[in-house]
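# Fold the following for me, if possible:
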Amino acid sequence: MRMSKNLLALIVLAVGALWSLQGIGAVGGSFMTGQSQWLYVGVVTLLVGLAGLVWANR
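Below is the predicted model of the structure:
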């Protein structure tokens, strides 16, 4: 169970990082590229993933 929680948290972290990078325009090829709202959504998603990782390892 712990392994699956860690895996889910890492996936959420990766998605948050991707959305943040698309929001600032570092990763192209999507409607999200250069849209600042995706930077904010990505940062919040990163924080949720980080909280999930901490929670999974307590």
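# Helices of this structure, start to end?
2-24, 36-56 (DSSP state H).
# for the closest residue to Trp38 other than its chain neighbours, what are its contacts?
Among residues not flanking Trp38 along the chain, Gly23 sits closest, at 3.6 Å (Cβ to Cβ, 6 or more residues apart in numbering). C-betas here are computed from N, CA, C, even on glycine. Going by Cβ atoms under 8 Å, 6 or more residues apart in numbering, Gly23 touches Met32, Gly34, Gln35, Ser36, Gln37, Trp38, Leu39, Tyr40, Val41, Gly42.
# coming back round to it: I'd like the helices of the chain laid out as JSON lines, including mean pLDDT.
Shown next, in JSON lines, are these (pLDDT from 0 to 100):
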{"stretch": "helix 2-24", "mean pLDDT": "95"}
{"stretch": "helix 36-56", "mean pLDDT": "96"}
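# Point to the residue nearest the middle of this structure.
Gly16 (1.4 Å; Cα atoms, centre = their mean).
# From Ala9, how far out is that one?
Distance check for Gly16 against Ala9: by Cβ to Cβ, to the nearest Å, it reads 11 Å.
# residues shared between the contacts of those two?
With Cβ under 8 Å, 6+ apart as the test, Gly16 and Ala9 both reach Gly49.
# just checking, Gly49 touches Leu13?
Yes: between Gly49 and Leu13 there is a contact at 3.6 Å, judged by Cβ atoms under 8 Å.
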